[in-house]
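A.B. asks: this is a predicted model, with the sequence first.
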Amino acid sequence: MKNIMGIIYTGERDAQLKELTAQRCVAAVPLLGRYRLIDFPLSAMVNCGIRNVGVIAQRNYNSLMDHLGSGREWNLHGKRAGLVFLPPFLTKDNVGVYSGFLDALHANLHYLRRSKERYVVITDTHMLFNAQFDAMAAAHEASGADITLMYTRDPGVRRNGLGRYIQVEEDGRVSALEVDPTIPHLNCTYLETLCIRRELLITLVDEAVSQGHYHLTRNLLMNAINDGAMKVTGFENPGRAWQIDSVQSYFDCSMELLDQETRAGFFPVEKPVLTKLRDEMPTRHMPGSLVKNSLLADGCIVEGIVENCILFRGVHIEKGAVVRNSIIMQDGLVQSGAELQYCILDKQTTVLPGTRLVAPKSYPIVVAKDSTV
Amino acid sequence: MLLAGGQGSRLGILTRHMAKPAVPFGGKYRIIDFPLSNCTNSGVDVVGVLTQYRPLELNAYIASGAPWDMDLVDGGVFVLPPYHTGATGEWYKGTANAIYQNLAFIAQYNPDYVLILSGDHIYKMDYAAMLAHHEAHHADATIAVRQVPWDEASRFGIMNTDANDNIIDFEEKPKNPKSNNASMGVYVFTWQKLRKYLIEDEMNPNSSNDFGKNIIPAMLADGQVMTAYSFNGYWKDVGTIESLWEANMDLLTDKPEIDLHDKKFRIYARNLGMLPQHIAQTAQVDNCLVTEGCEIRGLIRHSILSSGAIVEEGAQVIDSVIMPGARVDSGAVVRRAIVAENAVVSSGAQIGGEEGLIAVVGQDAVVPEGAQVKPGEQFGEG
């Protein structure tokens, strides 16, 4: 499947992720012990044989750049193609911030033009799902559609007042699109992932921007579907999908993936999710510690009690500390006698001895990066 | 120059399919990660790895050398097997001959000094400090030594030194050792001296072409400046089943002598990109090292669980090393044992025992349901 290139938009829809996105974009939000959100679409692309991936950065992309580096961990550091980082830049036509996805594509038309692949798959990073880009491209080719939209029927991702929904007819055609409806009533959720011929995309982007349009979905796609001039079809992506649009949904998604079956379904053995390496030693479970139903990355030291938790790399739970139903990011330190319940501790957080942080299940506490509690 | 060609036959079934340096260690490492990472941490950026016995696994593991930051434009790690040179060509006859056959490789880089290492030991060592010692003494050769218990000294090459660390006498496995300074098999040579002695040694038909037996004694006899460099850190020869098991268990003490958490001196390894470990509701974990990809649903105590190891509900793993990808099924009991890569211990099987020698299940072996592997036994294809 060498005839597809990928573009990942690391969007700005992070309003309700609070401190988790205070210093990073959604794509760089850490997830499940050792990953960041962008690892999922990026690995899915690589696992489908895509070798040319452009990552459109928007704001706060420092963490993202640090994470992706040269793309080596995803085998995207080659000479012939690889990872292309596309941050906004100041020119005479451009103010240094992308006004939308379409504007970002327009600013990077040179990259689209010099790429050689016949098809482009485009995706975003605020939803978590196992995208089958190769199957979508094959369906796109077979149907002769101009644009193929990836969608899910998973009800868990539907939100009132938020999201993009499409009406998929029995013959596979997409007949309607709505953006952030108060109550979604179209039958499928658009995963903000599409497939299109590269040259057609270049033409459409040029046209749309010349008419003052900057948004891919609400301008370009909406027009394409509504005026019926183009054939837009749907491709149903199998499996689960999660919206990472709030602290609560981030927390719930993490906890759902603690379940063995859900996790096994989401992480097929033959399609590993690749990520930046840290060369930590294996995790040490000390005598007297107690760990139940938890995911632990490498480099942790556990002396206390850990139940229903996700511990990222290098976390230290001291003797006498009790951590339940919580997510503790990289290098977190929970000192002796502290008690945590329904907490999300961002990276390099220290919880001092005897501190109690007990939140209700319906409102997890987020502790910002580098804090001491 | 890292000598990695030995079979390690005392590791029995564990080295049936791979050279000793490729044997897994400590949950996510292989033995060779230790000398290679030591090189990275010491600023040694050209490394030749001399292979001979079953090199496939080792070649694939080292590959471009990227995990050790050794994929460099002007250096890096090179796998050096013996090769044919037209009319002649032969296997590596001994440690010295292995280096002799690669003189041309070393000459390409024309270094001032050559460091000779072996791939059999678990230790963290800053070779740069040893090189500084070599330079300060204007030495021709420096040999790293460590003090061993007197009753074990007769198993090692023993250095007798004067007050200035100069070696005055070297005895290979002496019956009555005069000192307990044992050679670690880590040498620094001044390149031109090494070259001269290797060429002379090769021309001597009676030589066994070995550093300990031939090169070091010849240089001493000629009065070359030879110094001993004392190393006090953790160092373990993992050449036998028992010592490999012990070195793994050493990682489970309250404060292990070898600190693998130290961010300033990391041990690097090729990473398989697996999910974080999952410790299930049914699991009981007590004093263990567990790494990525592990699924623990049974009881594990005082054990090392390597990448992707699975312990099912109702299984017990005690005082054991479970290597990458191995699985222990429900109702099986593994005690004082090493279960090698991708092996399966089926339901109800009993491996090892509360005491006695270490039991071993070989790579890819499947222990049938209810079968028993007694202490000291090795199960797997012969």
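C.D. replies: Received, thanks. Numbers count the residues shown, from 1 in each chain, chains lettered A, B, ... in the order given.

A.B. asks: number of nearby residues for A:Gly304?
C.D. replies: The tally of other residues near A:Gly304 (other C-beta atoms under 10 Å in any protein chain shown) stands at 24. Placement of C-beta: from N, CA and C, glycine included.

A.B. asks: settle this for me: it is touching A:Ala321, isn't it.
C.D. replies: Yes. The pair A:Gly304 and A:Ala321 passes the contact test of C-beta atoms under 8 Å, sitting 3.7 Å apart.

A.B. asks: what residues are shared contacts of those two?
C.D. replies: Counting by C-beta atoms under 8 Å, 6 or more residues apart in numbering or on different chains, the shared contacts of A:Gly304 and A:Ala321 are A:Val334, A:Ser336.

A.B. asks: please identify the buried residues of stretch A:255-262?
C.D. replies: A:Met255, A:Leu257, A:Leu258 (16 or more other C-beta atoms under 10 Å in any protein chain shown).

A.B. asks: my bad, should have said stretch A:124-137
C.D. replies: For stretch A:124-137, the neighbour count (16+ other C-beta under 10 Å) marks A:124-134, A:136-137 as buried.

A.B. asks: how far away from the center of its chain is it?
C.D. replies: 10 Å (C-alpha atoms, centre = their mean, to the nearest Å).

A.B. asks: where do the strands sit along the stretch 1-150 of chain B?
C.D. replies: Along the stretch 1-150 of chain B, the segments classed as strands by DSSP state E, counting those that start in this stretch run B:2-3, B:24-25, B:29-30, B:46-50, B:76-80, B:84-85, B:88-89, B:113-118, B:121-123, B:141-147.

A.B. asks: so which of those strands comes closest to chain A?
C.D. replies: strand B:29-30 (8.5 Å; C-beta to the nearest C-beta).

A.B. asks: the closest one pairs with which strands?
C.D. replies: Using DSSP bridges, strand B:29-30 pairs in its sheet with strand B:24-25 (antiparallel).

A.B. asks: what sits up against the strand it pairs with?
C.D. replies: For strand B:24-25, the surrounding residues in contact (C-beta under 8 Å, 6+ apart) are B:30-31, B:33-34, B:122, B:238, B:244, B:247-248, B:306, B:323-324, B:340-341.

A.B. asks: on that earlier part again, name the stretch among the strands of the stretch 1-150 of chain B that sits most buried.
C.D. replies: Most buried of those, by mean neighbour count (mean count of other C-beta atoms under 10 Å in any protein chain shown): strand B:24-25, with a mean of 26.

A.B. asks: could you pick out the longest helix of the chain?
C.D. replies: Chain wasn't specified; assuming chain A. Counting by DSSP state H, the longest helix found in chain A is helix A:198-210.

A.B. asks: that's the wrong chain, I wanted chain B
C.D. replies: Looking across chain B with DSSP H, the single longest helix is helix B:191-203.

A.B. asks: pretty sure A:Met255 sits in a helix.
C.D. replies: Yes. Assessed by DSSP: H, G, I helix; E, B strand; the rest coil, A:Met255 belongs to a helix.

A.B. asks: that one and chain B, how far apart?
C.D. replies: Going from A:Met255 to chain B by C-beta to the nearest C-beta, to the nearest Å gives 13 Å.

A.B. asks: pretty sure A:Ala145 contacts A:Lys231?
C.D. replies: Yes. Between A:Ala145 and A:Lys231 there is a contact under C-beta under 8 Å: 4.7 Å.

A.B. asks: for the two, indicate the residue with more neighbours.
C.D. replies: Higher neighbour count among A:Ala145 and A:Lys231: A:Ala145, with 22 against 15, using other C-beta under 10 Å.

A.B. asks: what's the closest non-adjacent residue to the more buried one?
C.D. replies: A:Thr233 (4.1 Å; C-beta to C-beta, 6 or more residues apart in numbering or on different chains).

A.B. asks: wait, a strand at the one you found?
C.D. replies: Yes. The assignment for A:Thr233 (three-state DSSP) places it in a strand.

A.B. asks: tell me the contacts of residue 233?
C.D. replies: The chain I'm using is chain A. Contacts for A:Thr233 (C-beta under 8 Å, 6+ apart) come out as A:Ala139, A:His140, A:Ser143, A:Ala145, A:Ile147, A:Thr148, A:Leu149, A:Gly172, A:Arg173, A:Val174.

A.B. asks: look at chain B instead
C.D. replies: Applying C-beta under 8 Å, 6+ apart, the residues near B:Gly233 are B:Tyr123, B:Lys124, B:Met125, B:Glu257, B:Ile258.

A.B. asks: what number of residues are in the vicinity of B:Gly370?
C.D. replies: Neighbour count for B:Gly370, taken as other C-beta under 10 Å: 12.

A.B. asks: and the helices in the chain, which stretches?
C.D. replies: Here I'm looking at chain A. Under DSSP H, chain A gives helices at A:39-47, A:62-68, A:101-107, A:109-114, A:133-143, A:198-210, A:222-227, A:247-256, A:260-266.

A.B. asks: not quite, I wanted chain B
C.D. replies: Under the criterion DSSP H, chain B contains helices at B:33-42, B:56-62, B:95-100, B:103-109, B:127-136, B:191-203, B:216-221, B:241-249.

A.B. asks: could you dump those to a markdown table with distance to B:Phe379?
C.D. replies: Below are the helices of chain B laid out as a markdown table (distance: least, C-beta to C-beta, whole Å):
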| stretch | distance to B:Phe379 |
| --- | --- |
| helix B:33-42 | 27 |
| helix B:56-62 | 20 |
| helix B:95-100 | 33 |
| helix B:103-109 | 41 |
| helix B:127-136 | 39 |
| helix B:191-203 | 43 |
| helix B:216-221 | 41 |
| helix B:241-249 | 13 |
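
A.B. asks: give me the neighbour count for residue 322.
C.D. replies: Picked chain A for this. When neighbours are counted by other C-beta under 10 Å, A:Val322 registers 17.

A.B. asks: wait, chain B was what I had in mind.
C.D. replies: 32.

A.B. asks: follow-up on the earlier one: would you turn the helices of chain A into JSON lines with distance to B:Asn204 and mean pLDDT?
C.D. replies: As requested, the helices of chain A are exported to JSON lines (distance: least, C-beta to C-beta, whole Å; pLDDT from 0 to 100):
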{"stretch": "helix A:39-47", "distance to B:Asn204": "55", "mean pLDDT": "96"}
{"stretch": "helix A:62-68", "distance to B:Asn204": "57", "mean pLDDT": "91"}
{"stretch": "helix A:101-107", "distance to B:Asn204": "72", "mean pLDDT": "90"}
{"stretch": "helix A:109-114", "distance to B:Asn204": "63", "mean pLDDT": "95"}
{"stretch": "helix A:133-143", "distance to B:Asn204": "63", "mean pLDDT": "96"}
{"stretch": "helix A:198-210", "distance to B:Asn204": "69", "mean pLDDT": "95"}
{"stretch": "helix A:222-227", "distance to B:Asn204": "83", "mean pLDDT": "93"}
{"stretch": "helix A:247-256", "distance to B:Asn204": "68", "mean pLDDT": "95"}
{"stretch": "helix A:260-266", "distance to B:Asn204": "63", "mean pLDDT": "92"}
